[in-house]
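Enquirer: Let's see this in three dimensions:
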Amino acid sequence: MFDRRNFRKQISNFATIPLYAAIVKAPELRAPKNDELYETEQVTNTINFKWFQQSIVTSPFKYRFELFEIPNNNISLYTIAESTKPIFTQELTSIIKEYSFNVNNVNMKIGQKYAWRVVAFDETNILTFANNGKSEIFTFQYKSPAPPITGFTCKVVNNEFRFQWDANQEHTS
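Expert: Okay, here's the model as predicted:
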């Protein structure tokens, strides 16, 4: 080893130490798919987020699920994710590669566009993750399930069934 101010002055003997380093890939997002119009599960009112860890990792680490609201302008998704606070975060163990998000956790707006990502991190700083553990960012547009029909009636007239219900502009078929 040499003195950092005087590179010609040796201050210790040479030594070799084996060093093993591996970079763990960032999580790969699976669902909801990018740019999807997503409707919550009607019974549970949840959105199921799923991802995949490409690298086999034996050391313990965690995931942080992050959800962002996208403003109606042309700001890059990565700028939003790096410069604004997520509207929702959840830490999960590395064993879990999905999160069932209840839309009641935040005030989600119908028609609003949202972005999500997953960040893998190691609290012990043993592991090194590609892209600082940050997955790519996917977006989806939130659409709540259609409300149930109301005013439903069924009449039998001349051996025919006649169904009738109140119209609702949120019903599309």
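Enquirer: any idea where the strands of this structure begin and end?
Expert: Under the criterion DSSP state E, the chain contains strands at 23-24, 28-31, 36-39, 46-52, 62-69, 88-93, 98-102, 113-121, 128-129, 138-143, 153-157, 160-164.
Enquirer: For the fifth one, which strands pair with it and how are they oriented?
Expert: Meaning strand 62-69. Applying DSSP bridges, strand 62-69 is found paired with strand 88-93 (antiparallel), strand 113-121 (antiparallel).
Enquirer: what distance separates that strand from the middle of the whole chain?
Expert: Offset of strand 62-69 from its chain centre (C-alpha atoms, centre = their mean, to the nearest Å): 5 Å.
Enquirer: try the longest one
Expert: Relative to the chain's own centre, strand 113-121 is displaced by 4 Å; criterion: C-alpha atoms, centre = their mean.
Enquirer: same deal with stretch 51-70?
Expert: Centroid separation between stretch 51-70 and its chain, computed with C-alpha atoms, centre = their mean, is 9 Å.
Enquirer: Then stretch 56-75?
Expert: 5 Å.
Enquirer: quick one: buried residues of that stretch?
Expert: Going by neighbour count (16 or more other C-beta atoms under 10 Å), the buried part of stretch 56-75 is V57, F61, Y63, R64, F65, E66, L67, F68, E69, I70. C-beta: built from backbone N, CA, C; applies to glycine.
Enquirer: export those residues to JSON lines and tack on pLDDT?
Expert: Listed next are those as JSON lines, based on pLDDT from 0 to 100:
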{"residue": "V57", "pLDDT": "72"}
{"residue": "F61", "pLDDT": "88"}
{"residue": "Y63", "pLDDT": "93"}
{"residue": "R64", "pLDDT": "95"}
{"residue": "F65", "pLDDT": "96"}
{"residue": "E66", "pLDDT": "96"}
{"residue": "L67", "pLDDT": "95"}
{"residue": "F68", "pLDDT": "95"}
{"residue": "E69", "pLDDT": "93"}
{"residue": "I70", "pLDDT": "92"}
